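Peer 1: what's the 3D shape of this:
(2 chains)
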2 protein chains.
Amino acid sequence: MEELEPLLMIPGPTDLPDKVREALARPMINHRGAEFADVLGRCTEGLRQVFVTEQDVLTLTSSGTGGMEAAVANTLSPGDRVLALSAGNFGERMAKIARAFGAEVQQLDFEWGAAIDVGAVQRALRAADKPFRAVLWTHNETSTAITHDTPELCRLAQEHGALSVVDCISGMAGSEFHTDEWSVDVVIAGSQKGLMLPPGLAFISLSDRAWEATAGATMPRFYFDLVAARESLAKGQTPYTPAVSLFFALEAALEIVLAEGMEAVWRRHRLMGEAVRRGVRALGLELFGDVSHASAVVTAVRMPEGLDAKELLTRCAEREQVTIARGQGKLGGKIFRLAHLGMVNEARVLRMLEATARTLDRMGYSCNPPEALEAARTAWVEDDEVVS
Amino acid sequence: MEELEPLLMIPGPTDLPDKVREALARPMINHRGAEFADVLGRCTEGLRQVFVTEQDVLTLTSSGTGGMEAAVANTLSPGDRVLALSAGNFGERMAKIARAFGAEVQQLDFEWGAAIDVGAVQRALRAADKPFRAVLWTHNETSTAITHDTPELCRLAQEHGALSVVDCISGMAGSEFHTDEWSVDVVIAGSQKGLMLPPGLAFISLSDRAWEATAGATMPRFYFDLVAARESLAKGQTPYTPAVSLFFALEAALEIVLAEGMEAVWRRHRLMGEAVRRGVRALGLELFGDVSHASAVVTAVRMPEGLDAKELLTRCAEREQVTIARGQGKLGGKIFRLAHLGMVNEARVLRMLEATARTLDRMGYSCNPPEALEAARTAWVEDDEVVS
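Peer 2: Got it, this is the predicted structure:
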């Protein structure tokens, strides 16, 4: 039997393009020299286009969670009231960080699988006896495969004098996102998602309002001090030693992504999501959550009654060489997730659907894989007709 | 003219072995799967041997400075009195971090180029009206090329009931270090030094005493929460997404380092340092600082009167393709530094010395490069005689 190329179809890290892998293997250079300054400059410029912002985008050597901590610790003070919107695993994390650093957090919980209810947020903002300093949420909640209404939430936050702090770690360069147009005050992204890099870099951009807030913010920070990062960036450096190899890879990845163009990247993800959802439905499976807010980068599917999610993942990885994702937190065992993020195209989506269907079939769930593929194909066939 | 291979001879990052570069380019995997758990397990076991400790060595996705912040924030509380020993650029940094997180820092400054005066530390510890919770210092101060007396300082700290928190970022896997034998309570290392990896990982190990201290320590931490890191490690994971490619590289680097053996690695660095110092003296140049505490991984040299340090570095890099290091902080322009760290052997040391000598000669500093090489060679010739 021919050796199958493994496919990593989890919502990050994603498979890496060859050019990114080649860049990772480049010889090391002095991180305080002119060559690194050039790399950093080109990366920063490229990231501005990905974020669609005129602001600096700062690159931190950390995972996305480090970027979330930077967002909180640089703009808030202990005792500040913040409103944390949580509808999944990553929304919870933002609230935890704010609490760990001494914020007075009011957490508004929404059902996992639901979109954040904008009306409920408005009521909470209006009902506040003391104004909220910031509203925190996750744009693309990978744990439930839901994308929240960030433009509307930003509008509400601004109306009530609060900063909007948005975790877009899994969404950036996949899900449509307009930092400046939507007036997002702080946005965080990660490397191992739509940018198709290994994990290890976080990206963060602040609005003028958010930069002003850093001056009065007293939560402690040193490694994640964004003012220090901005000052160093102006000199073509980072305050502390950067993960140089990941910057080489970032430059290569940005070339790929920007050659495609942001509009095309967003459209590709949207289409792949539509294809996956059609395929899943054609298999008789039930999509999890509010599909009217379906994520462009990952799809959550309810496990069929009586079947074991862990077995599905293990068998799919071992026999089909396709790694799909488990449910997280309280959704563990109840759903599985199919990512269509970063290095994703029609062939990869079809192989993921076929591998999933075949494995379910072997586990005793009767379904018709070719039907699923045919249903998925209709997504891009229809789109071609619309575009042409 | 034949193309010269560039040589990176700064005290980190260092050049990368081919096997490390190949590992960096490996396809991505699921960071929550069994394959990553195996990589993490082997890395942790290897790091234990490098640190010479029975404790867990935790790997953080950050630069070494992130590891320093983790050390402080996990073991101390705001208002805790700490004694920070500073004799260079990196000693200053430890004190700054402790201050940023609310410690009451008494800083004991020593002349740059001097070793930390153990007697002065003892007097400060004795004179304290309120006991110090911790003593912080840098084992190998790269900015001045001095290695401090860590075993004796640890003994003093313990005698006075204080934790010893030691930045060994540039020293680990180069300079001899015995974590358990010296009773170091917290030690931090970095990837881009003796381990010959790209920057982006920090390593940290805590003694039983230090782990106990984490329970009462109230400085805020989330991304750098070491208890969370230890709990995840027990499950073959990291709390937040790790820089997977750097872990692949770490595994490869540890194989190289441990095949040589820690004693041999330390001896190689010590010898290369001796060779460089002999070469430098043979050129008529003056070594900077207290040579009786000369670092095993980097040598600081006074700039000859009337010559420009920046010009030396630029010309050496451009014409000789050998990158050496500038002076940092208040030593800028006054010294230059020759690293003998990580990927270092006789051939590389000789080329670095010759490149430096030739460049100085072209700048009008009259010297005899072959004499320097001959003097350097005597270091390992004598050592061979001692060993055989």
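Peer 1: which stretches of the stretch 101-250 of chain A form strands?
Peer 2: Using DSSP state E, counting those that start in this stretch, the strands of the stretch 101-250 of chain A run over residues A:104-109, A:134-138, A:140-141, A:146-147, A:163-167, A:186-190, A:201-206.
Peer 1: Generate JSON lines for these, with mean pLDDT, distance to chain B and mean neighbour count as supplementary columns.
Peer 2: Where you see a C-beta, it was placed from the backbone N, CA and C, and this is true even at glycine. What follows is the strands of the stretch 101-250 of chain A, written out as JSON lines (pLDDT from 0 to 100; distance: least, CB to the nearest CB, whole Å; neighbours: other CB atoms under 10 Å in any protein chain shown):
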{"stretch": "strand A:104-109", "mean pLDDT": "97", "distance to chain B": "13", "mean neighbour count": "16"}
{"stretch": "strand A:134-138", "mean pLDDT": "98", "distance to chain B": "13", "mean neighbour count": "28"}
{"stretch": "strand A:140-141", "mean pLDDT": "96", "distance to chain B": "15", "mean neighbour count": "31"}
{"stretch": "strand A:146-147", "mean pLDDT": "98", "distance to chain B": "20", "mean neighbour count": "26"}
{"stretch": "strand A:163-167", "mean pLDDT": "98", "distance to chain B": "13", "mean neighbour count": "27"}
{"stretch": "strand A:186-190", "mean pLDDT": "98", "distance to chain B": "7", "mean neighbour count": "30"}
{"stretch": "strand A:201-206", "mean pLDDT": "98", "distance to chain B": "8", "mean neighbour count": "28"}
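Peer 1: Mind putting the ones you listed into a markdown table with distance to residue B:247?
Peer 2: Shown next, in a markdown table, are those (distance: least, CB to CB, whole Å):
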| stretch | distance to residue B:247 |
| --- | --- |
| strand A:104-109 | 33 |
| strand A:134-138 | 26 |
| strand A:140-141 | 26 |
| strand A:146-147 | 31 |
| strand A:163-167 | 24 |
| strand A:186-190 | 17 |
| strand A:201-206 | 15 |
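Peer 1: Give me the neighbour count for the closest residue to chain B within the stretch 201-350 of chain A.
Peer 2: Of all residues in the stretch 201-350 of chain A, residue A:243 sits closest to chain B, at 3.1 Å by CB to the nearest CB. Neighbour count for residue A:243, taken as other CB atoms under 10 Å in any protein chain shown: 32.
Peer 1: confidence score at it?
Peer 2: We have a pLDDT of 98 for residue A:243.
Peer 1: okay, now residue A:91: neighbour count?
Peer 2: Residue A:91: 26 neighbours (other CB under 10 Å).
Peer 1: residues contacting whichever residue of the stretch 51-200 of chain A sits closest to chain B?
Peer 2: Across the stretch 51-200 of chain A, the shortest distance to chain B (CB to the nearest CB) belongs to residue A:200, at 3.1 Å. Going by CB atoms under 8 Å, 6 or more residues apart in numbering or on different chains, residue A:200 touches A:61-63, A:191-192, A:243, A:246, B:61, B:200, B:242-246.
Peer 1: Which ones among those residues map onto helices?
Peer 2: Per DSSP state H, helices hold the following members of the contacts of residue A:200: A:246, B:244, B:245, B:246.
Peer 1: what sits against the second one?
Peer 2: In this case it means residue B:244. Residue B:244 is in contact with A:13, A:198, A:199, A:200, B:28, B:29, B:31, B:36, counting by CB under 8 Å, 6+ apart.
Peer 1: for these, which one is nearest residue A:299?
Peer 2: Checking those against residue A:299 with CB to CB, the nearest one is residue A:13 at 17.9 Å.
Peer 1: Does that closest one touch residue A:198 like I think?
Peer 2: Yes. Between residue A:13 and residue A:198 a contact is recorded at 6.2 Å, counting by CB atoms under 8 Å.
Peer 1: More neighbours: these two, which one.
Peer 2: residue A:198 (32 against 27).
Peer 1: how close does the more buried one get to residue B:28?
Peer 2: 6 Å (CB to CB, to the nearest Å).
Peer 1: Residue numbers of the stretch 251-388 of chain A in contact with chain B?
Peer 2: With CB under 8 Å from any CB of the partner chain as the criterion, the stretch 251-388 of chain A meets chain B at residues A:317, A:323, A:326.
Peer 1: what about the nearest residue to the last one once chain neighbours are set aside, is that helix, strand or coil?
Peer 2: Yep, that's residue A:326 we're talking about. Of all residues not flanking residue A:326 in the chain, residue A:313 sits nearest, at 5.8 Å (CB to CB, 6 or more residues apart in numbering or on different chains). Assigned by DSSP: H, G, I helix; E, B strand; the rest coil, the conformation of residue A:313 is helix.
Peer 1: wouldn't residue A:313 be in contact with residue A:327 here?
Peer 2: No. Between residue A:313 and residue A:327 there is no contact, the gap being 10.0 Å when judged by CB under 8 Å.
Peer 1: Mutual contacts of those two, please.
Peer 2: In contact with both residue A:313 and residue A:327: residue A:336, using CB under 8 Å, 6+ apart.
Peer 1: ok so residue A:42 is a helix residue?
Peer 2: Yes. Under three-state DSSP, residue A:42 sits within a helix.
Peer 1: how about it, what does it touch?
Peer 2: A:251, A:254.
Peer 1: again with residue A:304
Peer 2: The contact partners of residue A:304, by CB under 8 Å, 6+ apart, come to A:285, A:360, A:365.
Peer 1: In helices only, show me those residues.
Peer 2: Mapping those onto helices (DSSP H) picks out residue A:360.
Peer 1: most neighbours, which of the contacts of residue A:304?
Peer 2: residue A:360 (23 neighbours).
Peer 1: Now do the same for that one: its pLDDT.
Peer 2: Note on residue A:360: pLDDT of 97.
Peer 1: Nearest residue to it in space, please, no chain neighbours.
Peer 2: Nearest residue to residue A:360 in three dimensions, chain neighbours excluded: residue A:367, at 6.0 Å (CB to CB, 6+ apart).
Peer 1: Any chance of the contacts of residue A:200 in TSV with distance to residue A:155 as columns?
Peer 2: Formatted as TSV, these follow (distance: CB to CB, whole Å):
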residue	distance to residue A:155
A:61	33
A:62	30
A:63	30
A:191	29
A:192	30
A:243	36
A:246	35
B:61	35
B:200	38
B:242	37
B:243	36
B:244	38
B:245	39
B:246	40
